[in-house]
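S.K.: compute the structure for the input listed below.
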Amino acid sequence: MNFKTGDKVVVISGKDKGKEGIITKTIKSKNKVVVEGINIVKKHVKPNGQTAGSIEEMEAPIHASNVMIIDPKTKKKTRIGHSTDKKGNKIRISKKSGEALD
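M.R.: Numbering: from 1, shown residues only. Here you go, the predicted model:
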């Protein structure tokens, strides 16, 4: 998976199509990401000794193929490529503008 925590992404399919947000968590084993303010679901919490039961809203993971990173230069969605910098380190680049994403 090419995404990292803190990347600004746009949702390209599903009920939240077109919305933008920042990745708060990545789940590499399932190829999913959690995006701030996207895919809000209601979770029923059982009561315990200190608190009463409630219904909480939280962000659920969405598949990484349903989001695209936003190019820092053009502010449009783009794919991620890989390249090396002058020191020989592997970096992520934007396919549209060629800008480094890190």
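
S.K.: distance of residue 7 from residue 48?
M.R.: 36 Å (CB to CB, to the nearest Å). (Glycine included, C-beta is placed from N, CA and C.)

S.K.: where do the strands sit along this protein?
M.R.: 8-11, 20-27, 32-35, 40-45, 54-59, 62-63, 67-70, 77-78, 80-84, 90-94 (DSSP state E).

S.K.: nearest to residue 2, of the ones you listed?
M.R.: strand 80-84 (4.2 Å; CB to CB).

S.K.: run the angle between the closest one and strand 90-94 for me.
M.R.: 140 degrees (axes from the mean of the first three to the mean of the last three CA atoms, to 10 degrees).

S.K.: and the most centrally placed residue in the chain, what does it touch?
M.R.: Computing the C-alpha centroid of the chain and ranking residues by CA atoms, centre = their mean puts residue 23 first, at 3.5 Å. Going by CB atoms under 8 Å, 6 or more residues apart in numbering, residue 23 touches 3-7, 9, 33-36, 67.

S.K.: of those, which qualify as buried by neighbour count?
M.R.: When these are checked for burial by 16 or more other CB atoms under 10 Å, the buried set is 3, 7, 9, 33-35, 67.

S.K.: tell me the one of those nearest residue 100?
M.R.: Nearest member of these to residue 100, counting by CB to CB, is residue 7, at 12.9 Å.
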